[in-house]
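J.: pasted the sequence and its predicted model underneath.
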Amino acid sequence: MASRAADIFARSNIEQKRQLIAFAFSNLRLKGKKLDYSLRSPFDLMVDRQGYSGWLGDQDSNLGCPGQSREFYR
């Protein structure tokens, strides 16, 4: 759904758009000209994670398999 969100939103009627917005966001507030919001899970995990190293494990999950040890790649 996230990869097609813009297309789905564009083709939706007003009530469906409200439902989509409520599905992805919480605590929407307009402060002057600035929109303040919180993203619901799992959408919050998809935003601003470019530099997040937690996605990259420092070890392969298959270390018990032949050729999957750190020494193999040195």
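T.: Everything's here; your move.

J.: okay, CA-based contacts and neighbour counts for the rest of this
T.: OK.

J.: so which residues of the protein form strands?
T.: Along the chain, counting by DSSP state E, strands occupy 25-31, 34-39.

J.: so which bits of the longest one are buried?
T.: The neighbour-count check on strand 25-31 (16 or more other C-alpha atoms under 10 Å) flags Phe25 as buried.

J.: what's the closest of the strands of the chain to Ile8?
T.: strand 25-31 (15.9 Å; C-alpha to C-alpha).

J.: what does that closest one contact?
T.: Applying C-alpha atoms under 8 Å, 6 or more residues apart in numbering, the contact partners of strand 25-31 are Leu35, Asp36, Tyr37, Ser38, Leu39, Arg40.

J.: ok, longest helix in this structure?
T.: Ranked by number of residues, the top helix in the chain under DSSP state H is helix 14-24.

J.: not counting sequence-adjacent ones, nearest residue to Ala36?
T.: Wrong residue type there; residue 36 is Asp, not Ala. Nearest non-adjacent residue to Asp36, counting by C-alpha to C-alpha, 6 or more residues apart in numbering: Arg29, 5.0 Å away.

J.: distance of that neighbour from Ala10?
T.: Look at Arg29 and Ala10: by C-alpha to C-alpha, to the nearest Å, they are 22 Å apart.

J.: quick revisit: from Met46, how far off is the residue nearest to Asp36?
T.: Relative to Met46, and taking C-alpha to C-alpha, Arg29 is found at 21 Å.

J.: cool, Ile8 as well?
T.: Counting by C-alpha to C-alpha, the gap from Ile8 to Met46 is 18 Å.

J.: ok, the two, which is more surrounded?
T.: The neighbour comparison of Ile8 against Met46 (other C-alpha atoms under 10 Å) goes to Ile8, with 15 against 11.

J.: how far away is that one from Leu20?
T.: 9 Å.

J.: do the same with Tyr37
T.: Distance from Tyr37 to Leu20, by C-alpha to C-alpha: 14 Å.

J.: looking at those two, which one has more neighbours?
T.: The neighbour comparison of Tyr37 against Leu20 (other C-alpha under 10 Å) goes to Leu20, with 15 against 12.

J.: that one contacts Ala10, correct?
T.: No - shown here, Leu20 and Ala10 do not form a contact pair, counting by C-alpha atoms under 8 Å, at 11.1 Å.
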